[in-house]
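S.K.: Pasting the sequence and the predicted model now:
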Amino acid sequence: MDIQVLGTGCAKCKALENATREAVLAGNIDATITKVEDITRIMQVTMTTPALVVDGKVVVKGRVPSQTELINMLKNK
């Protein structure tokens with residue numbers, strides 16, 4: 001699974017990245033996580049940050065989901 005965390009470096013963006021990494025570990029999910037901070041690349045996908053993109057599809061934007069929600073979301077992909 002390819003996961004991208006889109007965000008310019010704000011507190012919510014960092015929180016989403018950390019929560020995603022923790023969810024992948026806690027859920028024993030096989031995934032590659034990439035942080036995208038380039039605003040031009042982010043704008044090609046969404047205008048709202050932070051955003052979580054899983055296998056090319058935006059699954060979360062504008063918020064940081066709970067650990068449980070993230071694990072369930074990633075396991076059901």
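M.R.: Arrived safely, thanks for sending. Numbering: from 1, shown residues only.

S.K.: Show me the residue at the heart of this structure, geometrically.
M.R.: residue 52 (2.9 Å; Cα atoms, centre = their mean).

S.K.: Check the secondary structure at it for me.
M.R.: Three-state call for residue 52 (DSSP: H, G, I helix; E, B strand; the rest coil): strand.

S.K.: May I have the residues that are in contact with it?
M.R.: 3, 4, 5, 6, 16, 20, 58, 59, 60, 61 (Cβ atoms under 8 Å, 6 or more residues apart in numbering). C-beta: built from backbone N, CA, C; applies to glycine.

S.K.: Just the closest of those to residue 39, please.
M.R.: residue 6 (9.6 Å; Cβ to Cβ).

S.K.: Burial check on the closest residue to the closest one other than its chain neighbours, number of neighbours?
M.R.: Residue nearest to residue 6 in three dimensions, not counting chain neighbours: residue 51, with 4.1 Å by Cβ to Cβ, 6 or more residues apart in numbering. By other Cβ atoms under 10 Å, the residues close to residue 51 number 22.

S.K.: just checking, residue 51 touches residue 65?
M.R.: No - assessed by Cβ atoms under 8 Å, residue 51 is found out of contact with residue 65, at 11.6 Å.

S.K.: Could you export the contacts of residue 52 as JSON lines, including secondary structure, distance to residue 46 and neighbour count?
M.R.: Shown next, in JSON lines, are these (DSSP: H, G, I helix; E, B strand; the rest coil; distance: Cβ to Cβ, whole Å; neighbours: other Cβ atoms under 10 Å):
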{"residue": "3", "secondary structure": "strand", "distance to residue 46": "15", "neighbour count": "22"}
{"residue": "4", "secondary structure": "strand", "distance to residue 46": "11", "neighbour count": "21"}
{"residue": "5", "secondary structure": "strand", "distance to residue 46": "12", "neighbour count": "23"}
{"residue": "6", "secondary structure": "strand", "distance to residue 46": "7", "neighbour count": "28"}
{"residue": "16", "secondary structure": "helix", "distance to residue 46": "13", "neighbour count": "26"}
{"residue": "20", "secondary structure": "helix", "distance to residue 46": "16", "neighbour count": "27"}
{"residue": "58", "secondary structure": "strand", "distance to residue 46": "6", "neighbour count": "14"}
{"residue": "59", "secondary structure": "strand", "distance to residue 46": "11", "neighbour count": "15"}
{"residue": "60", "secondary structure": "strand", "distance to residue 46": "10", "neighbour count": "21"}
{"residue": "61", "secondary structure": "strand", "distance to residue 46": "5", "neighbour count": "16"}
